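*Asks:* Sequence first, predicted coordinates after that:
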Amino acid sequence: MWYTVGGDDLNNQDHEAVVHTQTDVETPAAPPEAKRGVFAAVISGFSARFPDDFDARQGRAGALTIAWPALVESFLLQLASMVNTMMVGGLGAWAIASVGYCNQPRLLIMAVFQAFNVGATALIARAKGSGDVEGANTIMHQAILFSLTASVALAALGYIFATPLLVLMGANEAATIEGGTQYFQIIMLTFPANAVSLAITAGLRGIGVTRVAMIYNVTANAVNIALGYVLIQGRFGFPALGVRGAAIGMGAGQVIAALIALVTLMRGADMLKFSFRHFLKADIAVLRRIA
């Protein structure tokens, strides 16, 4: 409804005043992201706004300090599979195929845990930003608990169904299937250790501690290469185990990496510290937030 109010002479335009009064309450306007759609909202997130006093040079330096060890650590995770494939090359084409067929399902399973751990990293980073020590530790312990529980279940399935899984991947020669089965069963026995180290790495990333993860992954690769070198071909008096030697080397490296990561948390890393009181109790609400 609109009202028009004039002066003494309603025909005099110089003295006429128009007052617009809206009697209906308007619906609040939708945010720009909702108008542009989901895709446009995601794209707009790349143009981050910083405070006026933000030092871009210092920010870049800090980001690189955190990022480069994480980049090296991610590269080393992929390098372990490549190194094993190279070391068994002397055994024949069947050995290369055996390790190659096993790497595909292994990396696929690892991707599931890495995706879950992204949520843990994000929530722990938020907790660190707000100074919530208790919340950060709860999230970290729940991520470790989930990783250990789920990895044990998947490792058991992988061990039992190793041969059908290799056939599903495309293995069709008897030597390849036999060697791949032995290799996959061994790395499945130690996969829970790998999953735990991935969860701890995610927590350390959330608080900006990335060099520790790089160090224990370097150690894991060194153990993998050393044991693979002596066990695959049987050097220095060790038995020649073939592809089983390569799997033992990788598994031993994963176990050592997990132990170093656990010791780091038990001693305390910044605001994170491992405690069995947090670890032994599942919190469904926190797990749902991470997922």
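*Replies:* Looks like it arrived, so ask away.
*Asks:* Only C-alpha atoms from now on, for both contacts and neighbour counts.
*Replies:* Will do.
*Asks:* Pro192: which element?
*Replies:* Assessed by DSSP states H and E, Pro192 sits inside helix 191-206.
*Asks:* Show me what secondary structure element comes after that helix.
*Replies:* helix 211-232.
*Asks:* quick one: average confidence on that following helix?
*Replies:* Here helix 211-232 scores 84 as its mean pLDDT.
*Asks:* how about the host helix or strand of Gly251: buried residues?
*Replies:* Element membership of Gly251 [criterion: DSSP H and E] is helix 243-267. Buried positions in helix 243-267, judged by neighbour count with 16 or more other CA atoms under 10 Å: 243-262, 264-265.
*Asks:* residue ranges with poor pLDDT in the chain?
*Replies:* For the chain, residues meeting the criterion pLDDT under 70 lie at 1-81.
*Asks:* All the helices of it, in order from the start?
*Replies:* 32-36, 38-44, 56-87, 93-130, 133-160, 162-169, 174-189, 191-206, 211-232, 243-267, 276-279, 284-290 (DSSP state H).
*Asks:* among these, which is the most enclosed?
*Replies:* Mean neighbours per residue, mean count of other CA atoms under 10 Å, is largest over those for helix 191-206, with a mean of 26.
*Asks:* could you check the angle helix 93-130 makes with it?
*Replies:* Counting by axes from the mean of the first three to the mean of the last three CA atoms, to 10 degrees, helix 191-206 lies at 40 degrees to helix 93-130.
*Asks:* Could you name the helices and strands sitting against helix 191-206?
*Replies:* If you count contacts as 3 or more CA pairs under 8 Å, 6 or more residues apart in numbering; DSSP states H and E, helix 191-206 packs onto helix 93-130, helix 133-160, helix 243-267.
*Asks:* Now do that helix and helix 243-267, the angle between them.
*Replies:* 40 degrees.
*Asks:* when you give positions from now on, start the count at 35
*Replies:* Done: numbering now begins at 35, and the last item shifts to helix 225-240.
*Asks:* CA-only coordinates of helix 225-240 in CSV, if you can.
*Replies:* Output of helix 225-240 as CSV, limited to C-alpha atoms (Å, rounded to 0.1, in the frame of the first residue of the first chain):
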residue,chain,number,x,y,z
PHE,A,225,47.8,-53.0,6.8
PRO,A,226,46.3,-51.9,10.1
ALA,A,227,49.7,-50.4,11.0
ASN,A,228,49.6,-48.5,7.8
ALA,A,229,46.1,-47.2,8.5
VAL,A,230,47.0,-46.1,12.0
SER,A,231,50.0,-44.1,10.7
LEU,A,232,47.8,-42.5,8.1
ALA,A,233,45.3,-41.4,10.8
ILE,A,234,48.1,-40.0,13.0
THR,A,235,49.6,-38.2,10.0
ALA,A,236,46.2,-36.6,9.4
GLY,A,237,46.1,-35.4,13.0
LEU,A,238,49.6,-34.0,12.8
ARG,A,239,48.7,-32.1,9.6
GLY,A,240,45.8,-30.5,11.4
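*Asks:* Give me the residues contacting it.
*Replies:* By CA atoms under 8 Å, 6 or more residues apart in numbering, the residues outside helix 225-240 that reach it are 104, 144, 147-148, 151-152, 154-159, 162, 174, 177-178, 181-182, 185-186, 189, 244, 247, 285, 288-289, 291-292, 295-296, 303.
*Asks:* rerun that using 6 Å as the cut-off
*Replies:* Residues outside helix 225-240 that contact it (CA atoms under 6 Å, 6 or more residues apart in numbering) are 151, 155, 158-159, 174, 177-178, 181-182, 185-186, 247, 288-289, 292.
*Asks:* and of those, the nearest to Ser132?
*Replies:* Comparing the contacts of helix 225-240 against Ser132 with CA to CA places Gln288 closest, at 20.0 Å.
*Asks:* check contacts around that closest one.
*Replies:* In this structure, Gln288 makes contact with 228, 254, judged by CA under 6 Å, 6+ apart.
*Asks:* measure it to Tyr250 for me?
*Replies:* For Gln288, the distance to Tyr250 equals 9 Å [CA to CA, to the nearest Å].
*Asks:* And Ala227, by the same measure?
*Replies:* 13 Å.
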